[in-house]
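# the sequence isn't on hand, but the structure is:
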């Protein structure tokens with residue numbers, strides 16, 4: 001893997017949204033994420049934008065900012081690296097779907113505001129499983145424990161969550177593994193808009209989360 005080198009909504013969900021970088025506006029909202037200079041940060045797209053292209057979800061960034069997506073088939077960072085060019089936008093203008101984890105790296109500090117619709121209903125995330133690393137996140141802007149963020153996920157014994165450590169610029173040494181009985185151990189926390197790696201011990205499955213803004 002190339003990991004070492006790469007490396008709002010309505011009051012009904014206020015308990016998971018009580019963070020200073022999340023703001024509510026009925027079922028349309030925005031999430032602020034800060035990106036420190038010269039650091040790889042792993043995030044996910046937490047809202048449904050107009051078309052979920054990079055130009056839609058990250059319309060402005062410092063010149064030279066790059067996005068690194070994860071290629072599940074190759075189990076490595078994708079060879080195509082979209083880069084932000086002042087005056088032209090993202091080249092190429094890739095797509096990042098809600099719930100898809102990706103890395104952002106920039107030569108200057110900046111904050112991106114994800115703006116879009118809070119997705120509702122039965123939200124499906126296809127997973128290949130079989131112990132492959134998959135870069136994912138919540139399709140809705142919620143944070144908290146892995147148990148709450150992965151609501152609806154059909155966990156199997158041995159599934160493991162690998163968070164990204166910005167401080168270490170590598171996978172976090174603290175992982176969370178699903179054990180039949182006690183569940184996710186330890187039941188670590190992830191923030192709103194965080195991306196992380198899942199290695200599913202079981203076979204392919206669709207993770208379906210039913211979500212409604214109360």
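That came in fine, so what should we check first? None of the values given here were measured: they were computed from a predicted structure.

# going forward, measure contacts and count neighbours with C-alpha atoms only.
Will do.

# which stretches of the chain have low pLDDT?
Within the chain, the segments meeting pLDDT under 70 span 1-26.

# recalculate using a threshold of 50.
For the chain, the stretches flagged by pLDDT under 50 are 1-20, 22-25.

# identify the residue nearest the residue nearest the centre of the chain in space, chain neighbours excluded?
The centre of the chain sits closest to residue 44, judged by C-alpha atoms, centre = their mean, with a distance of 2.3 Å. Closest residue to residue 44 apart from its sequence neighbours, by C-alpha to C-alpha, 6 or more residues apart in numbering: residue 101 at 4.3 Å.

# what's the offset of the helix or strand that neighbour falls within from the middle of its chain?
Counting by DSSP states H and E, the element that carries residue 101 is strand 101-105. Distance, stretch centre to chain centre, for strand 101-105: 8 Å (C-alpha atoms, centre = their mean, to the nearest Å).

# how many residues are close by the closest residue to residue 142 other than its chain neighbours?
Using C-alpha to C-alpha, 6+ apart and skipping the chain neighbours, the partner closest in space to residue 142 is residue 192 (5.1 Å). If you count neighbours by other C-alpha atoms under 10 Å, residue 192 ends up with 26.

# kindly report the same for the one 5 residues further on.
Residue 197: 22 surrounding residues under other C-alpha under 10 Å.

# quick one, what contacts it?
Counting by C-alpha atoms under 8 Å, 6 or more residues apart in numbering, residue 197 touches 101, 133, 134, 135, 136, 161, 162, 163, 164.

# okay if I get those as JSON lines plus distance to residue 94, neighbour count and secondary structure?
Formatted as JSON lines, the contacts of residue 197 follow (distance: C-alpha to C-alpha, whole Å; neighbours: other C-alpha atoms under 10 Å; DSSP: H, G, I helix; E, B strand; the rest coil):
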{"residue": "101", "distance to residue 94": "13", "neighbour count": "25", "secondary structure": "strand"}
{"residue": "133", "distance to residue 94": "21", "neighbour count": "25", "secondary structure": "strand"}
{"residue": "134", "distance to residue 94": "18", "neighbour count": "24", "secondary structure": "strand"}
{"residue": "135", "distance to residue 94": "16", "neighbour count": "25", "secondary structure": "strand"}
{"residue": "136", "distance to residue 94": "17", "neighbour count": "25", "secondary structure": "strand"}
{"residue": "161", "distance to residue 94": "26", "neighbour count": "25", "secondary structure": "strand"}
{"residue": "162", "distance to residue 94": "25", "neighbour count": "20", "secondary structure": "strand"}
{"residue": "163", "distance to residue 94": "24", "neighbour count": "23", "secondary structure": "strand"}
{"residue": "164", "distance to residue 94": "22", "neighbour count": "25", "secondary structure": "strand"}
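
# can I get these in a markdown table with distance to residue 53?
Formatted as a markdown table, these follow (distance: C-alpha to C-alpha, whole Å):
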| residue | distance to residue 53 |
| --- | --- |
| 101 | 14 |
| 133 | 23 |
| 134 | 20 |
| 135 | 17 |
| 136 | 17 |
| 161 | 27 |
| 162 | 26 |
| 163 | 24 |
| 164 | 23 |
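
# in the protein, which spans are helices?
Ranges of helices in the chain, per DSSP state H, are 3-6, 14-17, 54-57, 146-149.

# show me how the protein divides into domains.
Here the domain assignment for the chain is 3-117, 121-211, based on automatic domain parsing.

# follow-up on the earlier one: how much space separates the residue nearest to the centre of the chain from residue 203?
Separation of residue 44 from residue 203 (C-alpha to C-alpha, to the nearest Å) stands at 23 Å.
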